[in-house]
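[1] A predicted structure for the sequence below; I have some questions about it.
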Amino acid sequence: MKRIFPPHAYSDAPRQSCYWNTTTDTPDYPAAKGTMSADVAVIGAGFTGLNAALHLAEAGEDVVVLETHTPGWGASGRNGGFCCLGGSAASDQLLKLQYGDDARLEFRKAEWEAVKYAQALIAERGIECDTHSEGETLFAHSKAAVKSLKAQAEATERNLGVTCRFIAQEELAQNGMKGPFLAALTTPIGYALNPLKYTLGLVGAVVRAGARIHSHSPVTGISHGNGFTLTTPEATIRAKRLVVATNGYSSDDVPKWLAGRYLPTQTNIIVTRPLTDEEIAEQGWFTHQMSSDDRFLLHYFRLMPNKRMLFGMRGGLFSSPKSDIRMHQTIRQHFETMFPHWAHVETPFSWHGLVALARDLTPYTGPIPEMPGAWTSLCYHGNGVAMGSYAGALLADQMLGRSGARLHPKVMQRPHRKFPLGRLRRATLWPVYAYALAKGD
Ligand SMILES: Cc1cc2nc3c(=O)[nH]c(=O)nc-3n(C[C@H](O)[C@H](O)[C@H](O)COP(=O)(O)OP(=O)(O)OC[C@H]3O[C@@H](n4cnc5c(N)ncnc54)[C@H](O)[C@@H]3O)c2cc1C
């Protein structure tokens, strides 16, 4: 498979000390073997693939899910668990410029639909996934960022009719938000969850709906013509239709159409041991809100109900055992700067994974051009808990001829364009990172 990061990024090493692995057992499923057939083959058992499989199987389709490792092994089982608005990295101005104002607004509404979809799914299926937080809180680190929080509050009110709560600097401490921030803004949409438990809850629903799941079954080749023939190390699978749900773990040749159309980047997380009540009081951070700042390096953090602090940030551009150590040192340093009273607190869990960016900074959910019968959805720009789940359901709607059942915004209907530089496209990020780091952002 042609992948654009070094093999280390696709190995088990980056997720070895993922906190979520200690919170639940991951069921294994047998590898696909021999000759098999299905109505629909789904490649990838993360939020996108599992949600597509769920609705297809419940509609009576014979579905087989093929996963290189185990369900949730990719980003879905190792993310920060922020189930919130997002999916695109484009500003309102850029969306308006690229797609027009109606389409911009439609996409903002779809972000909210995605959160409602994921929350309803979790409630209806009784998925226990340790939810907490009332919406999300964004923190400003500069005067310019305070201004942009106010603009964001106005935009959310205008776009969605939702009133956000602005918290001035002098009110932060009494809200348990003592830190190097100048203000905060709470948007009352979404909550935090344990992503692995959510994924495994989905897996249970998919299996109950009658779909077959095969772990340890990397699809290494796809041929098409009168349906699809997929090759894994031990099986050949014939399927009438196909869903490619591989996001940041995609390959440039499975299928070939993907070549150059997604850009994986890394993001990493640490989790502390449980903090004592004294340590929490000393730092003055006792809110359980899912929180982030709006720096380019994008810190995201939340004090979980079990008093462990989760802290994440954008990861480096390199992948190797050495760069993992550097990435860990960097995130520790940022954690200690933001929460100096916890500088002595151990972080026994430290991991990272791949998310995917698109050239137009928007996700695509729809048919794969040039491959009739094949569908894909990818590039949620690091915000796929809600949007990846929703996009999976959107794929199933389209494949079942139920388009219109859910809001499918125009913004998500334009197939991804190619990045420049082909398999060297990771290099397009280097100047962006270098500039942001030089600015101290
Ligand atoms: C560290 C981290 C933190 C994040 N935090 C958040 C957050 O807090 N909130 C949020 O909204 N989003 C977050 N994200 C992003 C979010 O996790 C992803 O957008 C989402 O999980 C994507 O889901 P997916 O199903 O499309 O892809 P994935 O979950 O990545 O699944 C793709 C699967 O495809 C499999 N695969 C790939 N190629 C093949 C093949 N050829 N054959 C078979 N299987 C294959 C992979 O093994 C993988 O399991 C984070 C991501 C990471 C890595």
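    Good, I have the coordinates. Quick caveat: nothing in here was measured; it's all calculated off a predicted structure. Numbers count the residues shown, from 1 in each chain.

[2] For the rest of this, base every contact and every neighbour count on C-alpha atoms.
    Fine.

[3] quick one: contacts for Gly260?
    The contact partners of Gly260, by C-alpha atoms under 8 Å, 6 or more residues apart in numbering, come to Asp252, Lys418, Phe419, Pro420, Gly422, Arg423, Arg425.

[4] quick one: which two of the residues you listed are the most distant?
    Using C-alpha to C-alpha, those reach their maximum pairwise distance at Asp252 and Pro420, which is 13.8 Å.

[5] the more surrounded of these two?
    Set side by side, Asp252 and Pro420 show more neighbours around Asp252, with 19 against 14, by other C-alpha atoms under 10 Å.

[6] Run a quick neighbour tally on the nearest residue to the more buried one once chain neighbours are set aside.
    In space, and not counting its chain neighbours, Asp252 is closest to Ala259: 4.0 Å by C-alpha to C-alpha, 6 or more residues apart in numbering. Neighbour count for Ala259, taken as other C-alpha under 10 Å: 20.

[7] Double-check Ala259 against Arg417; I have them as touching.
    No: if you go by C-alpha atoms under 8 Å, Ala259 and Arg417 don't touch, sitting 10.0 Å apart.

[8] Specify the local secondary structure of Ile269.
    strand (DSSP: H, G, I helix; E, B strand; the rest coil).

[9] Check it and give its pLDDT.
    According to the prediction, Ile269 has pLDDT 98.

[10] In space, what's closest to it - neighbours in sequence excluded?
    Closest residue in space to Ile269, ignoring its immediate chain neighbours: Gly312 at 4.0 Å, by C-alpha to C-alpha, 6+ apart.

[11] And Ala374, by the same measure?
    Excluding the flanking residues, the one nearest Ala374 by C-alpha to C-alpha, 6+ apart is Leu242, at 4.5 Å.

[12] Report whether the expected contact of the one you found with Val40 is present.
    Yes: judged on C-alpha under 8 Å, Leu242 makes contact with Val40 at a distance of 5.5 Å.

[13] Compare the two (neighbour count), which wins?
    The neighbour count for Leu242 versus Val40, taken as other C-alpha under 10 Å, is higher for Leu242 (30 against 26).

[14] Looks to me like the more buried one is in a helix.
    No: going by three-state DSSP, the assignment for Leu242 is strand, not a helix.

[15] Okay, strands next: where are they in the stretch 301-441 of the chain?
    Under the criterion DSSP state E, counting those that start in this stretch, strands of the stretch 301-441 of the chain are mapped to 309-314, 349-357, 364-367, 374-378.

[16] can you put those in CSV and add mean pLDDT?
    Formatted as CSV, those follow (pLDDT from 0 to 100):
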stretch, mean pLDDT
strand 309-314, 96
strand 349-357, 97
strand 364-367, 98
strand 374-378, 98
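
[17] Of the ones you listed, give the one that comes closest to Arg208.
    Closest to Arg208 of these is strand 374-378 (C-alpha to C-alpha; 23.5 Å).

[18] That closest one pairs with which strands?
    As defined by DSSP bridges, the strand partners of strand 374-378 come to strand 235-244 (parallel), strand 364-367 (antiparallel).

[19] now, of those, which is deepest in the fold?
    Comparing these on average neighbours per residue, with mean count of other C-alpha atoms under 10 Å, the densest one is strand 364-367 at a mean of 24.

[20] chain center to it, what's the gap?
    Computed by C-alpha atoms, centre = their mean, to the nearest Å, the separation of strand 364-367 from the middle of its chain amounts to 17 Å.
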